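Chemist: can you look at this prediction? I've put the sequence above it.
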Amino acid sequence: MLETSHPPVIYIPADDVADVLTASAARTTWCEFKGRASYFSVVADGRRVENAGWTYDEPKPGFEALAGYVAFYPGRVDACFVDGERVRPQPGDFYGGWITSKVVGPFKGDPGTTGW
């Protein structure tokens, strides 16, 4: 998904990664466009990463296609790749964009970008 001033966020079918996902402790956020996001932890190789990603269980109208998909913060997992290229995480603690050599900013999350 591509949003204004953000690099793309990659959503993956939840069934493809269900064996590493666990519910997180009641963390939710609200997006004025997509609705309520629920967060989850990832457990793999004996490690647990809290709030490693999110999902929209009941997305708002216009975003129904997100139901059943999950997104990961690339900076909170060991690595994410797009077409063999390792992704750089979007700057900032809140944003989950995936940056590759083909994605050019500036992006929200960089210093001085909180006002736009």
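Modeler: Cool, the structure landed.

Chemist: so which residues of this structure form helices?
Modeler: Using DSSP state H, the helices found in the chain span residues 14-17.

Chemist: residues contacting G53?
Modeler: L21, Y39, F40, V42, V70, A71, F72, Y73, R76, G96 (Cβ atoms under 8 Å, 6 or more residues apart in numbering). For glycine as for every other residue, the C-beta is placed from the backbone atoms N, C-alpha and C.

Chemist: what's the most distant pair in those?
Modeler: The most widely separated members of the contacts of G53 are L21 and G96, with 15.3 Å between them, by Cβ to Cβ.

Chemist: follow-up on the earlier one: quick one: the contacts of G53 as JSON lines, columns for pLDDT and neighbour count too.
Modeler: Formatted as JSON lines, the contacts of G53 follow (pLDDT from 0 to 100; neighbours: other Cβ atoms under 10 Å):
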{"residue": "L21", "pLDDT": "76", "neighbour count": "18"}
{"residue": "Y39", "pLDDT": "93", "neighbour count": "19"}
{"residue": "F40", "pLDDT": "89", "neighbour count": "22"}
{"residue": "V42", "pLDDT": "87", "neighbour count": "22"}
{"residue": "V70", "pLDDT": "93", "neighbour count": "24"}
{"residue": "A71", "pLDDT": "94", "neighbour count": "20"}
{"residue": "F72", "pLDDT": "91", "neighbour count": "24"}
{"residue": "Y73", "pLDDT": "93", "neighbour count": "23"}
{"residue": "R76", "pLDDT": "90", "neighbour count": "17"}
{"residue": "G96", "pLDDT": "89", "neighbour count": "23"}
